[in-house]
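K.L.:
need the 3D shape of this:
(one chain, ligands or ions: 1)
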Amino acid sequence: MSGGSTGVYHTPVLAGVVARLAQGARRAVDCTVGGGGHSALILAGGAELLAIDRDPEAIAHARELLSGERARLLTGRFASPEVMSVIRAFHPDFVLLDLGVSARQLEEDRRGFSFRPGVPLDMRMNPFEHSTPTGADLLNSWSEDDLARLFRENADERRARRLARAIVKRRKRRPFALSDDLVGAIREALGPGTGPRDFARIFQALRMAVNREREELEGALPQLLEAMAPGGMMVAISYHSGEDRIVKRYFNEWSRSCICPPGQPVCRCTGIARGVLLTRRPIRPDPEEVAANPRARSAKLRAFRKSDAR
Ligand SMILES: C[S@@+](CC[C@H](N)C(=O)[O-])C[C@H]1O[C@@H](n2cnc3c(N)ncnc32)[C@H](O)[C@@H]1O
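P.N.:
Predicted coordinates:
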């Protein structure tokens, strides 16, 4: 399997790390099965697998790839109560989160994740969730303030206000429907020097809002820790600095023996670390891989091992 544009995972180097860490696991959960590349490596390591994705197309594809008695597939959001109760009952000793969108989702124009011309601004990871607003819905309905906050927080965009204003002005003439509409607004607001990197950053920010990706991650991590068997390992790969910060914060907090606020004279927390941080610094793809594949550029892998005690 390759990590190039037709590959299933974004970085083969990090996939190798996942395969090594999953060796010896007995019950593994892949919370984001996508194209099934990591899941196949986990199965090859001997584990029983629970593979989850909120995208029904990803599950249908993974079902063909991963069929067998050791694999079970489930459609749903990993932070949803239904999925979490299945994970809890499975009592995994290995949990993987490979966040964001899959290569397949990015490459299928009708799914609406790409800034290629003529692509509908959909961006829902589950297109059958009819109550979930699409990317176009958010651009056509959010206030200028909310749009500015979105681009500042999710895209680190200095000119977020200018972009939000351009969107609100444009949608009065014609509602946003296609990638070209958003690319036009970005060019208008950020100037003629804008290019694919800017489009990718802004489209990613919108996609994260459509799918409430940060909220999913924030909600899931503490529950996944509780669901894991003692001694279990959690591995997270993120492609966005905001998501990486969430993973880093939780893993650091769980590995500290005291989490009382600074200055509190007497320790009131349990005073026992929940486990050990296995990656003081994130593991990154190597430079050749990053040069060959822009999707690998921002990838960061972090790992945590839950203590044997509980
Ligand atoms: C980067 S891809 C995973 C690629 C996969 N590791 C592979 O080897 O092909 C991320 C996948 O996670 C799914 N996903 C993202 N957020 C999710 C969530 N909250 N619950 C379940 N699946 C999610 C997406 O639909 C996508 O298929």
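
K.L.:
immediately after the worst-scoring helix or strand of the chain on mean pLDDT, which helix or strand?
P.N.:
Ranked by mean pLDDT, DSSP states H and E, the helix or strand of the chain with the weakest confidence is helix 287-292, at a mean of 88. The helix or strand immediately downstream of helix 287-292 is strand 300-306, counting by DSSP states H and E.

K.L.:
which outside residues touch that next one?
P.N.:
Strand 300-306 has contacts (Cβ atoms under 8 Å, 6 or more residues apart in numbering) with 14, 17-18, 21, 225, 228-239, 244, 247-248, 251, 254-255, 274-279, 282-284. Every C-beta, even on glycine, is put in place using the N, C-alpha and C of the backbone.

K.L.:
and the least confident helix or strand of the chain, how far from the chain's centre?
P.N.:
21 Å (Cα atoms, centre = their mean, to the nearest Å).

K.L.:
pick out the residue of the stretch 201-310 of the chain closest to the ligand.
P.N.:
Closest to the ligand within the stretch 201-310 of the chain is Glu216: 3.8 Å, counting by Cβ to the nearest ligand atom.

K.L.:
verify the stated contact: that residue with Arg77.
P.N.:
Yes. Using Cβ atoms under 8 Å, Glu216 is in contact with Arg77, at 6.1 Å.

K.L.:
tell me which helix or strand the closest residue to Leu74 other than its chain neighbours sits in.
P.N.:
Computed as Cβ to Cβ, 6 or more residues apart in numbering, the closest residue to Leu74 that is not its neighbour in sequence is Ile52, at 4.9 Å. Applying DSSP H and E as the criterion places Ile52 in strand 48-53.

K.L.:
that strand packs against which elements?
P.N.:
Using 3 or more Cβ pairs under 8 Å, 6 or more residues apart in numbering; DSSP states H and E as the contact test, the elements touching strand 48-53 are strand 27-30, helix 37-44, helix 56-65, strand 71-75, helix 81-90.

K.L.:
swap in 10 Å and give it another go.
P.N.:
With contacts taken as 3 or more Cβ pairs under 10 Å, 6 or more residues apart in numbering; DSSP states H and E, strand 48-53 sits against strand 27-30, helix 37-44, helix 56-65, strand 71-75, helix 81-90, strand 94-98.

K.L.:
what about the closest residue to Ala229 other than its chain neighbours, neighbour count?
P.N.:
Nearest non-adjacent residue to Ala229, counting by Cβ to Cβ, 6+ apart: Asp93, 4.6 Å away. The number of residues packed near Asp93 is 21, by other Cβ atoms under 10 Å.

K.L.:
mind pulling up the pLDDT for Asp93?
P.N.:
Listed pLDDT for Asp93 reads 98.

K.L.:
one more: the one 4 residues further on?
P.N.:
For Leu97, the pLDDT comes out at 98.

K.L.:
one more: Asn211?
P.N.:
97.

K.L.:
returning to what we had before: winner for burial among the helices and strands packed on strand 48-53?
P.N.:
Mean neighbour count, computed with mean count of other Cβ atoms under 10 Å, is highest for strand 27-30 among these, reaching a mean of 28.
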